[in-house]
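K.L.:
kindly return the folded structure for what I paste below:
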Amino acid sequence: MPDYGRPIEFGFFLIPDADEYPELLRQAELADRLGLDYIGIQDHPYQRRFLDTFTLLPALAARTSRVRLFPDVANLPLRHPAMIAKAAASLDIISGGRFELGLGAGAFWDAIWAMGGPRRTPGEAVAALEEAIALIRLMWSGGRGLRYDGQYYALRGVHAGPVPVHPISIWLGAYGPRMLALTGRLADGWVPSAPYAPPEKLPEMQARIDDAARAAGRDPAAIKRLYNVSGRITDGARGGPFDGPVDQWVAELSALVLDHGMDTFIFWPQEAPTQQLHRFAEEVTPQVRAAAAQHRASRPA
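P.N.:
Numbering: from 1, shown residues only. Take a look at the predicted model:
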């Protein structure tokens, strides 16, 4: 799998635990001060312990100044795409153009059903997501009298607005063949999680995205590749994937860039978030960037 040559970026996967709200604000401020590029927040509305992601995001925007924010990923079956578009544009304005949209077709269908949402087959979920992408982008156009007639979603003459202050990207949490093909055809980025897309499976998954992108007349390198990684930075011996000392993290993330085509890593620390964030931002990220830059500079022109 090629290195697409994209800028390498890093972020923090923030857990929206309602009991930890003051700490969440401190963690977001720390990620901002440390120079991380993103804060991603999972969106599971049926999880009783979690704050609502789209309510938390503006609070984090108000406490930060440079880090970009995104739902990782928004739960489409429980959020109408027109309202997702409205919320996304509003957040982009509130944050000064620092919002991006991670979007998912849905999972945990029993929990979605329990909250009053639909129970969709895999094929239905992909079809609904494709409609949602079109509808969201239409809503961001700021047009008047907008209409959309889909199987799952519709617009019937709505006046769209406000318009985002920058072109918001849509990144899909995708794993199956149809979702990966949809990513290649229509999305601005791909945001899988390592437990569901382990490194050894990335080449096949990337190939599906790239094949679909080329078939749609797109350059695969235009698609951002984010990776949610959960683990620990330790001082001990090398352990399993994403569980070991700094040099192990540098080697693993550098290989994911250079051999597997990933370009952005969203870190979910499994313990001591404050300490782990410092180590990730101050020890791991500079070395990964340096290793990639050195490798890229040594390639034949």
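K.L.:
can you show me the strands along this structure?
P.N.:
9-14, 38-41, 68-71, 74-75, 101-104, 146-149, 154-158, 170-172, 189-190, 224-233, 243-244, 264-269 (DSSP state E).
K.L.:
which among these is found nearest to Leu30?
P.N.:
With Cβ to Cβ as the measure, strand 9-14 is the member of the strands of the chain nearest Leu30 (8.4 Å). Using the backbone N, CA and C atoms, a C-beta is placed for each residue, glycine as well.
K.L.:
who touches that closest one?
P.N.:
The contact list for strand 9-14 (Cβ atoms under 8 Å, 6 or more residues apart in numbering) reads 24, 27-28, 31, 36-42, 60, 67-68, 72, 226, 228, 230, 263-268, 277, 280-281, 285, 288.
K.L.:
and the buried ones among these, selectable in PyMOL?
P.N.:
A single PyMOL command selects the buried members of those (16 or more other Cβ atoms under 10 Å):
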select buried, resi 24+27+28+31+36+37+38+39+40+41+42+60+67+68+72+226+228+230+263+264+265+266+267+268+277+280+281+285+288
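K.L.:
on that earlier part again, will you turn the strands of the chain into TSV that also has mean pLDDT and distance to Asp110?
P.N.:
Shown next, in TSV, are these (pLDDT from 0 to 100; distance: least, Cβ to Cβ, whole Å):
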stretch	mean pLDDT	distance to Asp110
strand 9-14	98	24
strand 38-41	98	23
strand 68-71	98	21
strand 74-75	98	14
strand 101-104	98	16
strand 146-149	98	30
strand 154-158	98	27
strand 170-172	98	23
strand 189-190	98	26
strand 224-233	98	23
strand 243-244	97	31
strand 264-269	98	24
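K.L.:
tell me which of these lies nearest to Ala132.
P.N.:
Set against Ala132 and scored by Cβ to Cβ, the strands of the chain come closest in strand 101-104, at 7.1 Å.
K.L.:
elements contacting the closest one?
P.N.:
Counting contacts by 3 or more Cβ pairs under 8 Å, 6 or more residues apart in numbering; DSSP states H and E, strand 101-104 packs against strand 68-71, strand 74-75, helix 81-95, helix 122-139, strand 170-172.
K.L.:
touching that strand from outside, list them.
P.N.:
40, 43, 70-76, 84, 88, 129, 132-133, 136, 168-173, 191.
K.L.:
repeat that for stretch 205-224.
P.N.:
If you take Cβ under 8 Å, 6+ apart as the criterion, stretch 205-224 is touched by 1, 4-6, 169, 171, 175, 177, 180-190, 192, 197, 225, 260-261, 263-264.
K.L.:
among those, which ones are buried?
P.N.:
Buried by 16+ other Cβ under 10 Å: 1, 4, 6, 169, 171, 175, 180-190, 192, 197, 225, 260-261, 263-264, out of these.
K.L.:
confidence score at the nearest residue to Leu91 once chain neighbours are set aside?
P.N.:
Distances taken as Cβ to Cβ, 6 or more residues apart in numbering put Phe99 closest to Leu91, at 4.2 Å, once the chain neighbours are dropped. pLDDT for Phe99: 98.
K.L.:
how about Met1?
P.N.:
Looking at Met1, its pLDDT reads 55.
K.L.:
next: Gly236.
P.N.:
At Gly236, the model reports a pLDDT of 86.
K.L.:
how far away is it from Pro286?
P.N.:
For Gly236, the distance to Pro286 equals 22 Å [Cβ to Cβ, to the nearest Å].
K.L.:
and Val126, how many neighbours does it have?
P.N.:
Neighbour count of Val126, defined by other Cβ atoms under 10 Å: 19.
K.L.:
is it true that it touches Tyr175?
P.N.:
No. With contact defined as Cβ atoms under 8 Å, Val126 does not reach Tyr175; the gap is 11.1 Å.
K.L.:
how many neighbours does the closest residue to Ala18 other than its chain neighbours have?
P.N.:
Leaving aside its chain neighbours, Ala18 sits nearest to Leu51 (4.9 Å; criterion: Cβ to Cβ, 6+ apart). Number of residues near Leu51 (other Cβ under 10 Å) recorded here: 19.
K.L.:
contacts only, for Leu51.
P.N.:
Taking Cβ under 8 Å, 6+ apart, we find Leu51 in contact with 16-18, 21, 24.
K.L.:
from Leu258, how far off is it?
P.N.:
Distance of Leu51 to Leu258, computed by Cβ to Cβ: 37 Å.
K.L.:
more crowded one of Gly236 and Pro286?
P.N.:
Counting neighbours by other Cβ under 10 Å for Gly236 and for Pro286 shows that Pro286 has the greater number, 13 against 9.
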